[in-house]
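Asks: just a sequence and a predicted model for now, questions to come.
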Amino acid sequence: MRAGTVALLASWACRAGSQGRGGTRPYHVQGRIARKKAGGAFIRSALLLLALASVSSFAAPVPFDGKTFKGRIACSADGNHNDEDDWAASPVALAIFAQCGVKDRLVHFDYNCILPQTDLEWEKIHAASVLGAAERYGYASSIFHDCRKDLDGAINSIAKAINESSAENPLYFIVAGPMEVPFLGIQKSEGEKRKFVYCISHSRWNDGFAQKYTFTHTKRSVIPSGIKWVQIRDQNQLLSTSPYGRPARPEEWRPWHWMRDSDDRKVRFLWERMLVSTRADCSDAGMAYFLMTGDEAAENSKLRRLLEEKIVPTPIGARKHVRLETENFLTLEGYAVEDRNDRQASHRLGVKLAEKTGRIRTPFDQPYAAATGNYDVDVRYFDEKAVRSQFALSINGVRQSAAWNAPGTGQGWTTKTIPDVRVNLGDEIMVEVQTEAGATGRLDYVELKSREASSQSADRKK
Ligand SMILES: [Ca+2]
Ligand SMILES: [Ca+2]
């Protein structure tokens, strides 16, 4: 199902006049313009604009092309309670940036960011990890902030980094701890700068949804303010070789022996910090690897290639699959985030109706995504027994298929695929729901799956 050609042209015409990726885009207006001005002259001028516009002006936000990093990087890590894994993950993340040659792009790094509880000994050990890696890999010490010693410094540093952002100089903010400190920094920043900030997360814990802690804020405290949320897959699956809650066993250490046996003292330091953590887990560093590559599947061998063999990976350009968690949509209308720790739901989070009807909307603005692409779009929704719900997907206000009904057979999470949907960066993705009384209209995610191998390779060359 293809968006109307005219709407598409109008969309392109509007985009050509906008001020780059971060410009305000009148999503709904685009559809209306399309319908009103579908005359030949308009189409001709739209085609002309399309022809004249350089491809690069719509280029995908590819933060790193293997040589140059476009924008800046900030990180917030915990490590002072709950899990020792950041004692290893923080140094590995710093090693990844340094080995990619972008350490001057890191403008903020706060650590020990769990505020409700702490452990003084853990704070010291994590500080030794962070500052030890900073010294060995040659970072400026002024960008590092211990949240337990200088919370104001951490908050002011985040706000400063955000305030210096623009469409040409975005901030990629890796969230490797809960949301309290990032929230305080974001709250202190200038509101109109937040749309140039991409928060990257891979876990519901970091998103602020923890069972054993009472956090005041979650990612929803910042998403409606215009922060872009980038949820990559759970990095524990590939980068943690021992489970949470107990020390690693000998066979679980084995995959990391290349660190132990390295000729590079900096790499041996990473091994030492992993040993100290007792956990064979640097999963939060997977977000740093993603930021350098667009690859959501960082694994041991890829880290070895970069950190030990010093081979900088070629970024993938545009991701073939981009999953947008519904809980991260910019605008929830009649909807609220639902945290019932549902292991069947992606990231164990979703949204459900707070009213009888509702819709969720978000601009498609993700790093390592094609500027324009044709996708099969999965919408994952919940089928409830004996209750009817109807769902519909729209791009820029244009329906992409007939609305579909949940079967009402109680089969639970169900995926509807809408084939061949054209989506440009900046387009608004919307899911609308109508239900009978008592239905929840649960939604888990919307996933864009590229159909275009040819355009993927074209994007890779950019
Ligand atoms: Ca962490
Ligand atoms: Ca979800």
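Replies: That came through fine. Residues are numbered from 1 along each chain as shown. Ligands and ions are numbered 1, 2, ... in the order given.
Asks: now stretch 261-274: buried residues?
Replies: Buried residues in stretch 261-274, defined by neighbour count with 16 or more other Cβ atoms under 10 Å: 262, 266-267, 269-274. For the C-beta atoms, the positions are set from N, CA and C on the backbone; glycine is no exception.
Asks: what do you get for stretch 332-343?
Replies: 332, 334-335, 337-339, 342.
Asks: how distant is it from the center of its chain?
Replies: How far stretch 332-343 lies from its chain's middle: 18 Å, per Cα atoms, centre = their mean, to the nearest Å.
Asks: how about it, does it reach ligand 2?
Replies: No: using Cβ under 5 Å from the ion, stretch 332-343 stays clear of ligand 2, coming no nearer than 8.7 Å.
Asks: now the phi/psi pair for the closest residue to ligand 1 within the stretch 351-462 of the chain, please.
Replies: Here the stretch 351-462 of the chain gets closest to ligand 1 at one residue, residue 367, 20.7 Å apart by Cβ to the ion. Dihedral pair for residue 367: phi -70, psi 150, per degrees, to the nearest 10.
Asks: for it, give its distance to ligand 2.
Replies: Distance of residue 367 to ligand 2, computed by Cβ to the ion, to the nearest Å: 19 Å.
Asks: could you report the neighbour count for that residue?
Replies: By the measure other Cβ atoms under 10 Å, the count of residues near residue 367 is 24.
Asks: can you pull out the helices in the stretch 1-150 of the chain?
Replies: In the stretch 1-150 of the chain, the helices defined using DSSP state H, counting those that start in this stretch lie at 5-17, 27-36, 40-52, 86-99, 120-137.
Asks: to clarify, my last question referred to the stretch 201-350 of the chain.
Replies: For the stretch 201-350 of the chain, helices defined by DSSP H, counting those that start in this stretch occupy the ranges 236-239, 250-253, 257-260, 265-277, 285-293, 300-303.
Asks: ok, and what's touching the longest one?
Replies: To tie it back to what came earlier, the one meant is helix 265-277. By Cβ atoms under 8 Å, 6 or more residues apart in numbering, the surrounding residues in contact with helix 265-277 are 84-88, 91-92, 95, 125, 128-129, 132-133, 136-137, 256, 258-260, 262, 280, 282, 307-308.
Asks: nearest to ligand 2: which residue in the stretch 101-250 of the chain?
Replies: Here the stretch 101-250 of the chain gets closest to ligand 2 at one residue, residue 231, 8.2 Å apart by Cβ to the ion.
Asks: that residue contacts residue 322, correct?
Replies: No: contact criterion Cβ atoms under 8 Å: residue 231 and residue 322 do not qualify, at 10.0 Å.
Asks: enumerate the residues of the stretch 251-400 of the chain near ligand 1.
Replies: With Cβ under 5 Å from the ion as the criterion, the stretch 251-400 of the chain comes near ligand 1 at residues residue 284.
Asks: please parse the chain into its domains.
Replies: Structural domains assigned to the chain are 5-58, 72-308, following automatic domain parsing.
Asks: looking at these, which is buried most?
Replies: Across these, the average number of neighbours (mean count of other Cβ atoms under 10 Å) peaks for domain 72-308, which reaches a mean of 21.
Asks: which residues does residue 352 contact?
Replies: So, once contact is read as Cβ under 8 Å, 6+ apart, residue 352 ends up touching 335-336, 338, 382, 440-443.
Asks: need those residues in a markdown table (columns: distance to residue 248).
Replies: Converted to a markdown table, these look like this (distance: Cβ to Cβ, whole Å):
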| residue | distance to residue 248 |
| --- | --- |
| 335 | 41 |
| 336 | 39 |
| 338 | 34 |
| 382 | 37 |
| 440 | 41 |
| 441 | 43 |
| 442 | 37 |
| 443 | 37 |
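Asks: for residue 151, state which of those residues is nearest.
Replies: Nearest to residue 151 among the contacts of residue 352 is residue 336, at 30.0 Å by Cβ to Cβ.
Asks: can you count the residues close to the spatially closest residue to the closest one that is not a sequence neighbour?
Replies: Leaving out its chain neighbours, the residue that sits closest to residue 336 by Cβ to Cβ, 6 or more residues apart in numbering is residue 354, at 4.5 Å. By other Cβ under 10 Å, the residues close to residue 354 number 15.
Asks: contacting residues for residue 354?
Replies: Residues near residue 354 by Cβ under 8 Å, 6+ apart: 334-336.
Asks: could you pull out the strands for the stretch 351-462 of the chain?
Replies: 357-363, 372-383, 389-395, 398-399, 404-405, 412-424, 428-435, 443-450 (DSSP state E, counting those that start in this stretch).
Asks: and residue 449, what is it in contact with?
Replies: Residues in contact with residue 449 (Cβ under 8 Å, 6+ apart) are 320-321, 375-378.
Asks: give me the beta-bridge partners of the residue nearest the centre of the chain?
Replies: When Cα atoms, centre = their mean is applied to the chain, the residue found nearest the centroid is residue 230 (1.3 Å). Here residue 230 sits in beta bridges with residue 200, as judged by DSSP bridges.
Asks: so where is the chain shaky, pLDDT-wise?
Replies: Along the chain, segments meeting pLDDT under 70 span 1-60, 453-462.
Asks: done for today, thanks.
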